[in-house]
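Visitor: what follows is a predicted protein model with its sequence.
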Amino acid sequence: MRSDREKRCLLCEAVISKEIDSREHLIPNSIGGRKKVSGFLCVGCNSESGDNWESALARQMNPLSLFFRINRERGDAPYQNFQTTSGDEWVLNADGSLDLPRPIFKEHKNESGVEINISARNMAEAKRMLKGVARKYPQLDADELLEKAQKKSNYSQNPIKFNLSFGGLDAGRSFVKTALALVSTTGVSVSECEHAIQFLKEQESEPCFGYYYEKDLVLERPAGIPIHVVHVNGDPDSNLIRGYVEYFGVMRVVMCLSSSYSGSAFSATYSIDPTKGKELDLDVDLDLTSTDIRKAYDYEKWDGNAEVTPSRAAQAIVQPSGGRNEQRTHRQTLDRQAQSRCGHGH
């Protein structure tokens, strides 16, 4: 175990002084993480890993971040375009509101003249469009038309659909880094986690994570909450340091961080409800063998016929949360049938 003065950056191994300590989010802020760890990454490595690993994860998780309206410490989840089941396009915002993806201009000539219909996303946009119409038809008074314009809220009459797809090495490195950040809070040196460090530092190294849905590892899981969970444990009897990361109750990953651990047994769990930014008191039963974890690496713990699958996990969270969202916005419009895909490949 290093003293505070000897703490080094996980990635570049620079001694971390107060000036370059990034105070890394354990779970990325982009998906609602709050807890921070010190003496783990320098500012430069935090920025670089954020631009690559965290950005990949954030893009994959953004549909869920928007649907659940996560409570981020900084900023909002970026808006995203979706289609409804009927093929209409909408933009879903972080507050749950819907916008048109683009303004609509329709011009129809008939025997009595020209009929023009405009749908704009805001009054400023409507004013610009009307002025353009007035240039084409000088007899029209744009200001008079703008005074008669009606501002109203529209709601999709059909559910919005989205495909939830996650995987890839950049997102995988984000999972592993998060597990190591939790290890760093236990007093165990992250240098003990040889498989994880090799994966993070060497581009061609074998991934040390795999998706796991054979059984639910979270004990007494709270119903209807899209939890984030991180768990690590060290077992000198098996020489394993194991990790588990779960996001939104849907994306579930196991890891073998080390297979040569000989220190004292340890265990740590951190969990949060990202919709409220509230820490939860949960535990994880991560008593997997190295063989179990290896099978997860090889996609043998991902079974569409198992009791726990990504789709079933999503439905258990999305359906009750969707009901609460509808009460708040009159009509929350995300499809209840999230489809999930994952993989290590780019």
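Guide: That came through, no problem. Residues are numbered from 1 along each chain as shown.

Visitor: low pLDDT regions in the chain?
Guide: Applying pLDDT under 70 to the predicted model, the residue ranges of the chain that meet it are 1-5, 150-156, 162-163, 303-312, 314-316, 318-346.

Visitor: can you pull out the helices in it?
Guide: Here the chain has its helices, by DSSP state H, at 43-49, 55-68, 123-136, 142-148, 169-183, 194-201, 290-297, 310-329.

Visitor: dump the ones you listed to JSON lines, plus mean neighbour count.
Guide: All C-beta atoms are positioned from the backbone trio N, CA, C, and that covers glycine. Formatted as JSON lines, the entries for the helices of the chain read as follows, by neighbours: other C-beta atoms under 10 Å:
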{"stretch": "helix 43-49", "mean neighbour count": "17"}
{"stretch": "helix 55-68", "mean neighbour count": "23"}
{"stretch": "helix 123-136", "mean neighbour count": "14"}
{"stretch": "helix 142-148", "mean neighbour count": "12"}
{"stretch": "helix 169-183", "mean neighbour count": "25"}
{"stretch": "helix 194-201", "mean neighbour count": "19"}
{"stretch": "helix 290-297", "mean neighbour count": "17"}
{"stretch": "helix 310-329", "mean neighbour count": "16"}
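
Visitor: I'd like to know which of the ones you listed lies nearest to Tyr270.
Guide: Comparing these by their distance to Tyr270 (C-beta to C-beta), the top pick is helix 169-183, with 5.9 Å.

Visitor: next one: the closest one to chain centre, how far?
Guide: Averaging C-alpha coordinates over helix 169-183 and over its chain gives two centres that are 14 Å apart (C-alpha atoms, centre = their mean, to the nearest Å).

Visitor: output the contacting helices and strands for it.
Guide: Judged by 3 or more C-beta pairs under 8 Å, 6 or more residues apart in numbering; DSSP states H and E, the packing partners of helix 169-183 are helix 43-49, helix 55-68, helix 194-201, strand 209-211, strand 228-235, strand 240-247, strand 251-258, strand 266-273.

Visitor: show residues contacting it.
Guide: Outside helix 169-183, the residues within contact range by C-beta atoms under 8 Å, 6 or more residues apart in numbering are 10, 24, 26-28, 37, 40, 49, 52-57, 60, 190, 192-193, 196-197, 199-200, 207-209, 230-232, 241, 243-245, 253, 255, 257, 268, 270, 344-346.

Visitor: if we can go back for a sec, out of the helices and strands packed on helix 169-183, flag the one nearest Gly132.
Guide: In this view, the helices and strands packed on helix 169-183 are compared for proximity to Gly132 by C-beta to C-beta, and helix 55-68 is the closest at 32.1 Å.

Visitor: pull the CA atoms of that closest one into CSV?
Guide: Output in CSV follows, covering the C-alpha atoms of helix 55-68 (Å, rounded to 0.1, in the frame of the first residue of the first chain):
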residue,chain,number,x,y,z
SER,A,55,-17.3,9.3,-24.5
ALA,A,56,-17.9,5.9,-26.0
LEU,A,57,-19.8,4.7,-23.0
ALA,A,58,-21.9,7.9,-22.8
ARG,A,59,-23.0,7.6,-26.4
GLN,A,60,-24.1,4.0,-25.9
MET,A,61,-26.0,4.9,-22.6
ASN,A,62,-27.4,8.2,-23.8
PRO,A,63,-30.9,6.8,-24.7
LEU,A,64,-31.3,5.5,-21.2
SER,A,65,-29.8,8.7,-19.7
LEU,A,66,-32.5,10.6,-21.5
PHE,A,67,-35.3,8.2,-20.8
PHE,A,68,-34.6,8.1,-17.1
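
Visitor: contacts only, for Leu200.
Guide: The neighbourhood of Leu200, defined by C-beta under 8 Å, 6+ apart, consists of Leu10, Leu11, Arg173, Val176, Lys177, Leu180.

Visitor: next, count neighbours for the second one.
Guide: The reference is to Leu11. A count of neighbours around Leu11, defined by other C-beta atoms under 10 Å, yields 18.

Visitor: buried subset of the contacts of helix 169-183?
Guide: Buried residues within the contacts of helix 169-183, defined by neighbour count using 16 or more other C-beta atoms under 10 Å: 10, 24, 26-28, 37, 40, 49, 53-57, 60, 190, 192-193, 196-197, 199-200, 207-209, 230-232, 241, 243-245, 253, 255, 257, 268, 270, 344.
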